[in-house]
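Q: fold the following, please.
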Amino acid sequence: MASPPRQRVAALDDLAPGTSRKFTLTCGAATLEGFLINYRGTHYAYVNECQHLPMTMDWVENRFFDAAGAYLVCGTHGATYEPDTGLCVAGPCVGEVLRALPVSVEDGGVWDGCPATTGL
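A: Numbers count the residues shown, from 1 in each chain. Take a look at the predicted model:
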């Protein structure tokens with residue numbers, strides 16, 4: 001079986017620690033919005049959808065981190081997630097997990113791909 005499609009979503013130098021960037025992926029017939037973060041020098045990507053209610057999370061365009069840069073926070077519901085695991089640790093969806101997207105760093109860029117299953 002073929003690997004899920006992937007796309008370059010950022011140059012490695014364009015995403016400093018504590019910053020984030022939204023992107024769109026086409027996965028078969030579905031299109032999803034994701035966001036990429038650089039948390040303490042490691043890149044993670046998630047579907048841009050709070051686990052409390054299906055709404056985008058950024059509180060300001062492309063901003064997902066709290067003021068201290070320690071957690072990801074849903075701008076609508078206040079759900080608070082660990083950046084490296086996507087686990088909700090406070091707010092209305094404690095124990096739920098953001099849907100992670102595969103990330104790879106190569107050729108000076110950060111690449112994201114579709115989930116192995118596209119049950120979006």
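
Q: only C-alpha atoms for contact and neighbour calcs from this point on.
A: OK.

Q: spatially nearest residue to the residue positioned nearest the centre of the chain, not counting backbone neighbours?
A: Of all residues in the chain, the one closest to the mean position by C-alpha atoms, centre = their mean is residue 46, 2.6 Å from it. When the adjacent residues along the chain are set aside, residue 46 lies closest to residue 100, with 4.3 Å between them (C-alpha to C-alpha, 6 or more residues apart in numbering).

Q: can you verify the residue nearest to the centre of the chain is assigned to a helix?
A: No: the assignment for residue 46 (DSSP: H, G, I helix; E, B strand; the rest coil) gives strand, which keeps it out of a helix.

Q: that one contacts residue 35, doesn't it?
A: Yes: checked against C-alpha atoms under 8 Å, the pair residue 46 and residue 35 is within contact range at 5.6 Å.

Q: count of neighbours near the residue nearest to residue 46?
A: A count of nearby residues for residue 100, using other C-alpha atoms under 10 Å, gives 18.

Q: with the one 4 residues further on instead?
A: In terms of burial, residue 104 registers 15 neighbours under the definition other C-alpha under 10 Å.

Q: need the contact list for it.
A: Counting by C-alpha atoms under 8 Å, 6 or more residues apart in numbering, residue 104 touches 110, 111, 112.

Q: with residue 49 instead?
A: Counting by C-alpha under 8 Å, 6+ apart, residue 49 touches 55, 56, 57, 98.

Q: which residue comes closest to it once chain neighbours are left out?
A: Closest residue to residue 49 apart from its sequence neighbours, by C-alpha to C-alpha, 6+ apart: residue 56 at 4.7 Å.

Q: that older thread, so the residue nearest to residue 46 touches residue 86, yeah?
A: Yes: the pair residue 100 and residue 86 passes the contact test of C-alpha under 8 Å, sitting 7.4 Å apart.

Q: now do residue 101 against residue 92, distance only.
A: With distances defined as C-alpha to C-alpha, to the nearest Å, the gap from residue 101 to residue 92 amounts to 23 Å.
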